[in-house]
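Engineer: predicted structure and sequence below. I'll ask about it afterward.
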Amino acid sequence: MPGGRLTQQERQQIALGLGDGLAYAEIARRLDRPTSTITREVMRNGGPTAYRADLAHRATERRAHRRRQAAPRGAEAPAQAHGRDAEAVREYEETFTTLLMSQGLPKMMARVLTCLYTTDEGSLTASELVQRLQVSPASISKAIAFLESQGLVARQRDEGRRERYVADDDVWYQSMMASARGTAQLAETARQGVGVLGPGTPAAVRLENISRFVDFVSESIARAADQARDVLHTKPETPSDGSA
């Protein structure tokens with residue numbers, strides 16, 4: 001599978017694939033690229049309806065130019081904890097951010113949330129977020145306010161009375177339960193249609209089958225979320241020899 005950055009020809013193929021209504025996975029297969037590469041490329045350049053190959057290529061060149069200007073001459077990327085590959089970490093953070101954006105989260109909010117989820121400490125101050133993301137304090141403040149309003153982050157104070165922001169792990173449980181409630185409502189609405197359209201009619205049978213299917217899925221999601229909730233709060237095990 002080829003590595004490196006996407007070429008302009010590949011971006012043109014992506015644009016053609018989107019125009020033909022192809023899924024990201026199919027476009028990736030045709031280009032022999034990971035699906036995550038195509039997803040990230042499209043989402044960071046306007047999304048599937050606004051993607052333009054020439055604009056995406058120029059935007060990528062500008063971002064690369066800015067990174068080269070920001071990096072001091074002769075300087076290497078800062079060392080990563082636990083011997084991590086800095087470039088691999090950066091690529092993963094972009095992938096995770098793209099995923100959050102595809103779920104409807106605005107870009108800066110997605111970047112902040114990714115930053116919180118991928119830090120070992122599990123929390124960061126506003127100044128640390130500014131330094132890591134290379135954005136203005138105002139951008140961080142706006143993003144945190146939005147994430148707080150959605151229940152995705154919480155504020156805490158450390159021993160030095162500094163305000164720290166923490167990504168709420170339990171939000172994934174709440175999200176699954178909200179999904180279960182939504183599907184349960186769909187099942188109930190489908191059942192109402194059975195009486196309106198007449199039991200035994202083709203349309204009513206179709207809605208009854210939808211209701212039974214969605215009911216099963218909804219109950220399964222809620223049950224699995226309850227059973228697995230403790231997993232969200234599992235702490236990493238410390239090696240017996242005390243080494244990190």
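Structural biologist: It's in. Numbering: from 1, shown residues only.
Engineer: what about residue 127, how many neighbours?
Structural biologist: The number of residues packed around residue 127, counting by other Cβ atoms under 10 Å, is 11. In short, each C-beta sits where N, CA and C put it, glycine included.
Engineer: sorry, slip of the keys, the one I care about is residue 224.
Structural biologist: Applying the criterion other Cβ under 10 Å, we find 12 residues in the vicinity of residue 224.
Engineer: residue 231 now?
Structural biologist: For residue 231, the neighbour count with other Cβ under 10 Å is 10.
Engineer: how close does it get to residue 224?
Structural biologist: 11 Å (Cβ to Cβ, to the nearest Å).
Engineer: same check on residue 55?
Structural biologist: Here the distance between residue 55 and residue 224 works out to 42 Å (Cβ to Cβ).
Engineer: now residue 33
Structural biologist: As judged by Cβ to Cβ, residue 33 and residue 224 stand 33 Å apart.
Engineer: per-residue pLDDT, residue 43?
Structural biologist: On pLDDT, residue 43 comes in at 82.
Engineer: ok, it - contacts?
Structural biologist: Under the criterion of Cβ atoms under 8 Å, 6 or more residues apart in numbering, the contact partners of residue 43 comprise 98, 101, 102.
Engineer: which residue is the nearest non-sequential neighbour of the residue positioned nearest the centre of the chain?
Structural biologist: In the chain, the C-alpha nearest the mean C-alpha coordinate belongs to residue 100, at 2.4 Å (Cα atoms, centre = their mean). With Cβ to Cβ, 6 or more residues apart in numbering as the criterion, residue 100 has its nearest non-adjacent residue at 3.8 Å, and that residue is residue 110.
Engineer: for the protein, what spans make up the helices?
Structural biologist: Using DSSP state H, the helices assigned to the chain run over residues 8-19, 24-31, 35-43, 53-70, 86-102, 107-117, 126-133, 137-149, 171-197, 202-228.
Engineer: quick one: which of those is nearest residue 164?
Structural biologist: Closest to residue 164 of these, according to Cβ to Cβ: helix 126-133, at 8.6 Å.
Engineer: from the chain's centre, how far out does stretch 95-110 sit?
Structural biologist: The chain centre lies 5 Å from the centre of stretch 95-110; the measure is Cα atoms, centre = their mean, to the nearest Å.
Engineer: ok, now stretch 214-221?
Structural biologist: Centroid separation between stretch 214-221 and its chain, computed with Cα atoms, centre = their mean, is 24 Å.
Engineer: measure the closest residue in space to residue 229 that isn't next to it in sequence to residue 214 for me?
Structural biologist: Closest residue to residue 229 apart from its sequence neighbours, by Cβ to Cβ, 6+ apart: residue 173 at 5.1 Å. Relative to residue 214, residue 173 is positioned 21 Å away (Cβ to Cβ).
Engineer: residue 235 too?
Structural biologist: Here the distance between residue 235 and residue 214 works out to 36 Å (Cβ to Cβ).
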